[in-house]
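Participant: pasting a predicted model and its sequence here:
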Amino acid sequence: MKIGLCVHFSDAATIEQKFIDLTNAGFDNCQLLCWNHSLFTDGNAELIKSLIAKYGITISAFWCGWSGPSVWDFYDGQITLGLVPPEYRQMRVEQLCAGGDFAKKIGVTDLITHMGFIPENPNDPNFNSFCVAVRTVAAHLKANGQNLLFETGQETPVTMLRCFEKVGTDNLFINLDTANLILYGRANPVDALEVFGKYVRNLHAKDGFYPTNGHDLGREVRLGDGKVDFKALFVKLKELGYDSFVTIEREIEGDKQMEDINYARNYLQKIINEVY
């Protein structure tokens, strides 16, 4: 198991310091997250490649965002997130393909994103058109020798599995966000592995609580303080043969974020040592 962090690529001026901070914290791998598509330039690709070599960092995956509105709740989220809303779909397909091309330039094979609230009803007309959009991105990435990873959260495990079956390409996989399935009230992450475990290629190690109302997501908390049973999770992952990246994500800012990240690393390492 390789424990790493999420690193945000928000501009070229600060990315070296972020890699320095990563290595100073004792990590040698990360997911690189980017929502700014103007950064997908050849010059920035060369910069990232030079920093990877300079600091001995492995980028396990490139997390690609998309433009347009994004509201992270159960109401407006349905009509703003991912490739599900038809009015933003073509633009976001193009942006994800561009993100894949940038990832290829920096030597990264796995592209991750949130797909949105995929319709649970396979007879919903929007389900088929959404799957066509996913297939378009997946085909583009396949030509690059890359994979498309869905980050869990907004859809049930069965809905994600159904989408994979409908799209039908062999380069669809999962970035298992352990907390998101709980925060969105979709599943227990350990049980979810019974449905889609063979597709997991990366993890967001995160913790949280179930929603307490029908409008807002549940609350994210420090690893070990929420509802995720990490011991049971890693036991199941071992059964599935998973022995790859575990990427810590703590979605707060300030000194408390690094304090919780350090706690999470020690917490995870202890469990991984016990299980593996």
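Facilitator: Yes, it's here.
Participant: which residues of the stretch 51-200 of the chain fall in helices?
Facilitator: With DSSP state H, counting those that start in this stretch as the criterion, the stretch 51-200 of the chain has helices at 86-105, 125-143, 157-167, 180-183, 189-196.
Participant: looking at stretch 219-232 now, give me its mean pLDDT.
Facilitator: In this model, stretch 219-232 has a mean pLDDT of 98.
Participant: give me the contacts around it.
Facilitator: Here stretch 219-232 makes contact (Cβ atoms under 8 Å, 6 or more residues apart in numbering) with 178-179, 182-183, 188-190, 205-210, 248, 250-252, 260, 263-264, 267-268, 271, 274-275. Every C-beta, even on glycine, is put in place using the N, C-alpha and C of the backbone.
Participant: ditto for stretch 34-51
Facilitator: Contacts of stretch 34-51 (Cβ under 8 Å, 6+ apart): 8-12, 15-16, 19, 32, 57, 59, 62-67, 95, 98-99, 101-102, 105-107.
Participant: and the residue lying closest to residue 74 once chain neighbours are set aside, what pLDDT?
Facilitator: Leaving aside its sequence neighbours, residue 74 sits nearest to residue 215 (Cβ to Cβ, 6 or more residues apart in numbering; 5.7 Å). We have a pLDDT of 98 for residue 215.
Participant: and residue 215, how many residues sit next to it?
Facilitator: Other residues lying near residue 215 total 10 when counted by other Cβ atoms under 10 Å.
Participant: and it, that's in a strand?
Facilitator: No - using DSSP: H, G, I helix; E, B strand; the rest coil, the assignment for residue 215 is coil, not a strand.
Participant: backbone dihedrals for it, please?
Facilitator: For residue 215, the backbone dihedrals (degrees, to the nearest 10) come out as phi -110, psi -40.
Participant: my read: it touches residue 75, true?
Facilitator: Yes - with contact defined as Cβ atoms under 8 Å, residue 215 and residue 75 form a contacting pair (6.0 Å).
Participant: next, the contact list for the nearest residue to residue 195 once chain neighbours are set aside, please.
Facilitator: Nearest residue to residue 195, sequence neighbours excluded (Cβ to Cβ, 6+ apart): residue 157, at 3.9 Å. The contact partners of residue 157, taken as Cβ under 8 Å, 6+ apart, are 181, 186, 187, 192, 195, 196.
Participant: ok, those residues vs residue 136, which is closest?
Facilitator: residue 196 (21.9 Å; Cβ to Cβ).
Participant: spit out the contact partners of that closest one.
Facilitator: With Cβ under 8 Å, 6+ apart, residue 196 has these contacts: 157, 160, 161, 164, 174.
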